[in-house]
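**Q** Return a 3D structure for these sequence lines:
(one chain, ligands or ions: 1)
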Amino acid sequence: MNSPQQSLTPDYFDSLYNADADPWKFETSDYEAKKYAATLAALPNARYRSALEIGGSIGVLTSMLAERCESLLSIDVSEMAQQKAIDRCQALSHVRFQLMCVPESYPDEQFDLTVLSEVGYYWCREDLQKAQQLMLQHLEPGGHLLLVHWTPYEDYYHNPLSGDDVHDSFLSLPSPQIKHLRGDRAEKYRLDLFERVDETL
Ligand SMILES: C[S@@+](CC[C@H](N)C(=O)[O-])C[C@H]1O[C@@H](n2cnc3c(N)ncnc32)[C@H](O)[C@@H]1O
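**A** Model (predicted):
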């Protein structure tokens, strides 16, 4: 098990996917289906030019996001999970996939939407801060950043951070960088939407 001071590693996720191809029941859970509907409903734009999904897993949310994007890049650390996502989205030629561990690496592109759903609490604080800066650097002015994370504390909860830590860390970023457009708290998750501010104005 990782120490809480370190981000969870790709090996951790590979072993989860080895034991169960859908460890969080994304394909079948009613809770996830409702949360995905709320996630899509929170997006202010009908369409996005170029979106990034960090931690796309087996591609359930990916395939839904794809309907709102001209181009979607989905990245994940787990090859096994990503292969399932590729299979699920094989008819969607505007969806691309890359194996990548954020914040060690980041796509060399600009996006008008970045989605971070159920990933941020796997980072240690230092990696979360690095990832935040990368997300902002690669988000166009006026672009949207959507965060969705599970919030309850559980005994088996050994992630370095909680969902609230992740969202609070974005909310405490300097306001010249991002504008908070929306914050919703459901019983078991939290959703926050930000817009990248054009600092040249
Ligand atoms: C709980 S799943 C979230 C799936 C999806 N975003 C959703 O909300 O349905 C977390 C995913 O993030 C991936 N992940 C964890 N750390 C990552 C990192 N540092 N960079 C990219 N992906 C990561 C894991 O492999 C896993 O597939």
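
**Q** only C-alpha atoms for contact and neighbour calcs from this point on.
**A** Will do.

**Q** List the buried residues for the host helix or strand of Leu61?
**A** Taking DSSP states H and E as the definition, one finds Leu61 inside helix 60-65. The neighbour-count check on helix 60-65 (16 or more other Cα atoms under 10 Å) flags 60-63, 65 as buried.

**Q** Check the model's average confidence along stretch 82-99 for me.
**A** Here stretch 82-99 scores 98 as its mean pLDDT.

**Q** Just the buried residues of the lengthiest strand in the chain, please?
**A** Using DSSP state E, we find that the single longest strand of the chain is strand 139-150. For strand 139-150, a neighbour-count test (16+ other Cα under 10 Å) marks 139-141, 143-150 as buried.

**Q** Pairing partners for the residue nearest the centre of the chain in the sheet, please.
**A** For the chain, Leu116 is the residue whose C-alpha lies nearest the centre (Cα atoms, centre = their mean; 1.8 Å). Applying DSSP bridges to Leu116 gives these bridge partners: Ile54, Leu147.

**Q** quick one, what contacts it?
**A** If a contact means Cα atoms under 8 Å, 6 or more residues apart in numbering, then Leu116 has 53-55, 145-148 as its contacts.

**Q** Tell me the pLDDT of it.
**A** 98.

**Q** swap in Asp108?
**A** pLDDT for Asp108: 98.

**Q** same deal with the one 5 residues further on?
**A** Confidence per residue is given as pLDDT, and for Leu113 that number is 98.

**Q** Which of the three states applies to it?
**A** strand (DSSP: H, G, I helix; E, B strand; the rest coil).

**Q** how deep is it tucked in, by neighbour count?
**A** If you count neighbours by other Cα atoms under 10 Å, Leu113 ends up with 28.

**Q** got it, and Leu40?
**A** Look at Leu40: counted by other Cα under 10 Å, it has 17 neighbours.

**Q** Good, wrapping up.
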